[in-house]
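Asker: missing the sequence, but the structure's below:
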(Lines give C-alpha, C1' and ligand atoms only; values in the text may rest on other atoms or scores of the structure.)
Protein backbone atom coordinates (compact mmCIF):
# COMPACT_ATOMS: atom_id res chain seq x y z
CA UNK A 1 0.00 0.00 0.00
CA UNK A 2 1.32 3.48 -0.82
CA UNK A 3 2.19 5.58 2.21
CA UNK A 4 -0.09 8.56 2.16
CA UNK A 5 -1.78 10.53 4.90
CA UNK A 6 -5.51 11.12 5.18
CA UNK A 7 -4.82 14.68 4.03
CA UNK A 8 -3.01 13.38 0.91
CA UNK A 9 -5.97 11.15 0.09
CA UNK A 10 -8.43 14.04 0.53
CA UNK A 11 -6.34 16.03 -1.95
CA UNK A 12 -6.24 13.06 -4.32
CA UNK A 13 -10.04 12.71 -4.17
CA UNK A 14 -10.50 16.29 -5.39
CA UNK A 15 -10.06 14.70 -8.84
CA UNK A 16 -13.52 13.16 -8.40
CA UNK A 17 -16.08 15.46 -9.99
CA UNK A 18 -19.84 15.47 -9.58
CA UNK A 19 -21.05 13.83 -12.82
CA UNK A 20 -24.08 16.15 -12.93
CA UNK A 21 -22.03 19.31 -12.29
CA UNK A 22 -18.53 18.52 -13.60
CA UNK A 23 -17.04 21.86 -12.51
CA UNK A 24 -17.37 20.78 -8.86
CA UNK A 25 -15.34 18.17 -7.06
CA UNK A 26 -16.92 16.12 -4.30
CA UNK A 27 -15.04 17.99 -1.58
CA UNK A 28 -16.29 21.41 -2.77
CA UNK A 29 -19.81 20.05 -2.99
CA UNK A 30 -19.60 18.72 0.57
CA UNK A 31 -20.36 15.13 -0.49
CA UNK A 32 -16.90 13.94 0.63
CA UNK A 33 -17.23 13.78 4.40
CA UNK A 34 -14.25 11.93 5.77
CA UNK A 35 -11.22 9.78 4.95
CA UNK A 36 -9.54 7.47 7.43
CA UNK A 37 -7.72 4.16 7.72
CA UNK A 38 -9.03 0.91 9.20
CA UNK A 39 -5.86 -1.18 9.41
CA UNK A 40 -4.60 -1.35 5.79
CA UNK A 41 -7.87 -0.24 4.23
CA UNK A 42 -8.71 3.32 3.17
CA UNK A 43 -12.26 4.27 4.14
CA UNK A 44 -13.97 7.12 2.30
CA UNK A 45 -17.26 8.43 3.69
CA UNK A 46 -19.64 10.21 1.35
CA UNK A 47 -23.11 11.69 1.86
CA UNK A 48 -25.53 12.02 -1.08
CA UNK A 49 -27.17 15.36 -1.80
CA UNK A 50 -30.46 13.47 -1.89
CA UNK A 51 -31.27 9.98 -0.69
CA UNK A 52 -31.27 7.87 -3.84
CA UNK A 53 -29.21 10.38 -5.83
CA UNK A 54 -28.25 8.60 -9.08
CA UNK A 55 -24.84 10.31 -9.19
CA UNK A 56 -23.64 8.42 -6.10
CA UNK A 57 -22.94 5.23 -8.04
CA UNK A 58 -20.77 7.12 -10.53
CA UNK A 59 -19.02 8.99 -7.69
CA UNK A 60 -18.31 5.72 -5.85
CA UNK A 61 -16.86 4.18 -9.03
CA UNK A 62 -14.70 7.22 -9.67
CA UNK A 63 -13.39 7.19 -6.08
CA UNK A 64 -12.35 3.57 -6.66
CA UNK A 65 -10.68 4.45 -9.96
CA UNK A 66 -8.71 7.31 -8.38
CA UNK A 67 -7.63 5.26 -5.35
CA UNK A 68 -6.65 2.24 -7.47
CA UNK A 69 -4.76 4.53 -9.85
CA UNK A 70 -2.80 5.89 -6.87
CA UNK A 71 -1.87 2.36 -5.82
CA UNK A 72 -4.48 1.65 -3.17
CA UNK A 73 -5.92 -1.84 -3.48
CA UNK A 74 -7.83 -2.03 -0.21
CA UNK A 75 -10.48 0.64 0.11
CA UNK A 76 -14.11 0.98 1.09
CA UNK A 77 -16.60 3.70 0.20
CA UNK A 78 -19.24 4.15 2.88
CA UNK A 79 -22.45 6.08 2.30
CA UNK A 80 -23.39 8.05 5.41
CA UNK A 81 -26.96 9.37 5.54
CA UNK A 82 -26.90 11.09 8.92
CA UNK A 83 -26.58 13.93 9.27
CA UNK A 84 -28.33 14.61 5.98
CA UNK A 85 -26.39 16.62 3.40
CA UNK A 86 -27.17 20.32 3.25
CA UNK A 87 -26.27 23.02 0.75
CA UNK A 88 -24.53 24.76 3.66
CA UNK A 89 -21.76 22.13 3.24
CA UNK A 90 -20.89 23.61 -0.17
CA UNK A 91 -17.90 25.90 0.11
CA UNK A 92 -17.78 29.42 -1.36
CA UNK A 93 -15.56 28.25 -4.20
CA UNK A 94 -18.28 25.77 -5.19
CA UNK A 95 -20.94 28.49 -5.14
CA UNK A 96 -18.79 30.73 -7.35
CA UNK A 97 -18.13 27.86 -9.79
CA UNK A 98 -21.86 27.11 -10.00
CA UNK A 99 -22.63 30.66 -11.07
CA UNK A 100 -19.76 30.68 -13.59
CA UNK A 101 -21.17 27.41 -14.98
CA UNK A 102 -24.62 29.01 -15.39
CA UNK A 103 -26.39 27.58 -12.32
CA UNK A 104 -27.73 29.90 -9.62
CA UNK A 105 -26.10 29.02 -6.29
CA UNK A 106 -28.20 28.26 -3.22
CA UNK A 107 -28.45 30.62 -0.29
CA UNK A 108 -27.96 29.62 3.33
CA UNK A 109 -30.46 27.20 4.86
CA UNK A 110 -31.30 29.47 7.83
CA UNK A 111 -32.27 32.29 5.44
CA UNK A 112 -34.33 29.90 3.34
CA UNK A 113 -36.17 28.59 6.42
CA UNK A 114 -36.84 32.16 7.60
CA UNK A 115 -38.43 32.98 4.22
CA UNK A 116 -40.56 29.82 4.39
CA UNK A 117 -41.81 30.77 7.87
CA UNK A 118 -42.56 34.37 6.99
CA UNK A 119 -43.79 33.88 3.43
CA UNK A 120 -41.14 36.34 2.23
CA UNK A 121 -40.22 35.89 -1.43
CA UNK A 122 -36.67 36.33 -2.62
CA UNK A 123 -36.05 36.31 -6.34
CA UNK A 124 -33.37 34.05 -7.73
CA UNK A 125 -30.52 35.98 -9.33
CA UNK A 126 -29.77 35.11 -12.95
CA UNK A 127 -26.24 33.65 -13.22
CA UNK A 128 -25.82 35.20 -16.69
CA UNK A 129 -26.81 38.85 -16.22
CA UNK A 130 -27.34 39.04 -12.41
CA UNK A 131 -30.92 40.30 -12.84
CA UNK A 132 -33.42 39.50 -10.14
CA UNK A 133 -36.30 39.77 -12.63
CA UNK A 134 -36.62 36.02 -12.89
CA UNK A 135 -39.43 33.52 -12.63
CA UNK A 136 -39.69 29.89 -11.62
CA UNK A 137 -40.76 27.74 -14.57
CA UNK A 138 -40.45 24.31 -12.92
CA UNK A 139 -39.66 23.16 -9.38
CA UNK A 140 -37.50 20.45 -10.95
CA UNK A 141 -34.69 20.95 -13.42
CA UNK A 142 -32.45 18.33 -14.99
CA UNK A 143 -32.06 16.72 -11.56
CA UNK A 144 -34.13 16.67 -8.36
CA UNK A 145 -31.67 19.03 -6.65
CA UNK A 146 -32.21 21.83 -9.19
CA UNK A 147 -35.15 24.04 -10.22
CA UNK A 148 -35.66 25.66 -13.62
CA UNK A 149 -35.99 29.45 -13.91
CA UNK A 150 -36.29 32.03 -16.67
CA UNK A 151 -34.64 35.47 -16.72
CA UNK A 152 -37.06 38.15 -17.89
CA UNK A 153 -34.20 40.55 -18.71
CA UNK A 154 -31.72 38.46 -20.74
CA UNK A 155 -34.28 35.79 -21.80
CA UNK A 156 -32.05 32.94 -20.62
CA UNK A 157 -33.41 29.83 -18.99
CA UNK A 158 -31.24 28.68 -16.10
CA UNK A 159 -31.18 26.22 -13.24
CA UNK A 160 -30.91 26.96 -9.55
CA UNK A 161 -29.30 24.52 -7.13
CA UNK A 162 -32.07 24.26 -4.55
CA UNK A 163 -31.33 25.15 -0.95
CA UNK A 164 -31.80 22.33 1.56
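Answerer: Nice, I can see it. The structure displayed is predicted, hence computed values, not measured ones.
Asker: so where do the helices sit in this protein?
Answerer: 6-12, 26-29, 55-69, 92-101, 109-118 (DSSP state H).
Asker: So which of the ones you listed is the most surrounded?
Answerer: helix 26-29 (a mean of 22; mean count of other Cβ atoms under 10 Å). The way it works is simple: take the backbone N, C-alpha and C, and place the C-beta from them, glycine included.
Asker: Check which helices and strands that one sits against.
Answerer: Under the contact definition 3 or more Cβ pairs under 8 Å, 6 or more residues apart in numbering; DSSP states H and E, helix 26-29 sits against strand 17-18, helix 92-101.
Asker: what about 6 Å?
Answerer: helix 92-101 (3 or more Cβ pairs under 6 Å, 6 or more residues apart in numbering; DSSP states H and E).
Asker: other SSEs contacting the helix it packs on?
Answerer: Checking 3+ Cβ pairs under 6 Å, 6+ apart, helix 92-101 ends up next to strand 21-25, helix 26-29.
Asker: Name every strand pairing with the longest one and say which way it goes.
Answerer: Strand pairing for strand 21-25, determined by DSSP bridges: strand 17-18 (antiparallel).
Asker: and the partner strand, how far out from the chain's middle?
Answerer: The chain centre lies 8 Å from the centre of strand 17-18; the measure is Cα atoms, centre = their mean, to the nearest Å.
Asker: List the contacts of it.
Answerer: 24-25, 29 (Cβ atoms under 6 Å, 6 or more residues apart in numbering).
Asker: Any regions of this protein where pLDDT drops low?
Answerer: 1-3 (pLDDT under 70).
Asker: Perfect, I'm done here.
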